[in-house]
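Trainee: Quick one, what's the 3D model for this:
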Amino acid sequence: MRNFLAVTKALSDPNRVRTLMFLRGGELCLCQIIKMLALAPSTVSKHMAILYNARLIESRKEGRWVFFRLAESRDMVIQGAIKWAGDALARDRQTQADAKTIKAVRKLNREKLCATYSRT
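Mentor: Numbering: from 1, shown residues only. The predicted structure is shown next:
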């Protein structure tokens, strides 16, 4: 029950659902997600923590960058939630617009993009 409730909480916010849709195309740096959502870094970090705690995403750190990807879980709740969200939103206008924008964001220079959000 705990897993189910964590997943439903994670899917209850449009920005978190959009982020899941972004990650269907592969791994993204936190700065790329911030750019896509156009939200404050702290807000995006909170969203990512909720998705991570629900085990919908996984992360890895490489130098100063943190990368996120969809979870490769064998848990049926996790797999089902990711598939359901993708299937349900395949024809959604926002999801389709984001799919076009994410291609451009993936091409941006990560060093310059991340410098935009750096505190140093």
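Trainee: and K9, how many neighbours?
Mentor: 14 (other Cβ atoms under 10 Å). Yep, even glycine has a C-beta here, placed from its N, CA and C like the rest.
Trainee: Centre-most residue in the protein?
Mentor: In the chain, the centroid-proximal residue (Cα atoms, centre = their mean) is T19; its distance is 3.1 Å.
Trainee: what's around the spatially closest residue to that one that is not a sequence neighbour, how many residues?
Mentor: Closest residue to T19 apart from its sequence neighbours, by Cβ to Cβ, 6 or more residues apart in numbering: I33 at 5.9 Å. When counting by other Cβ under 10 Å, one arrives at 25 neighbours for I33.
Trainee: right, and the helix or strand after the helix or strand hosting I33?
Mentor: Using DSSP states H and E, the element containing I33 is helix 30-37. As assigned by DSSP H and E, the chain's next helix or strand after helix 30-37 is helix 41-53.
Trainee: No further questions, thank you.
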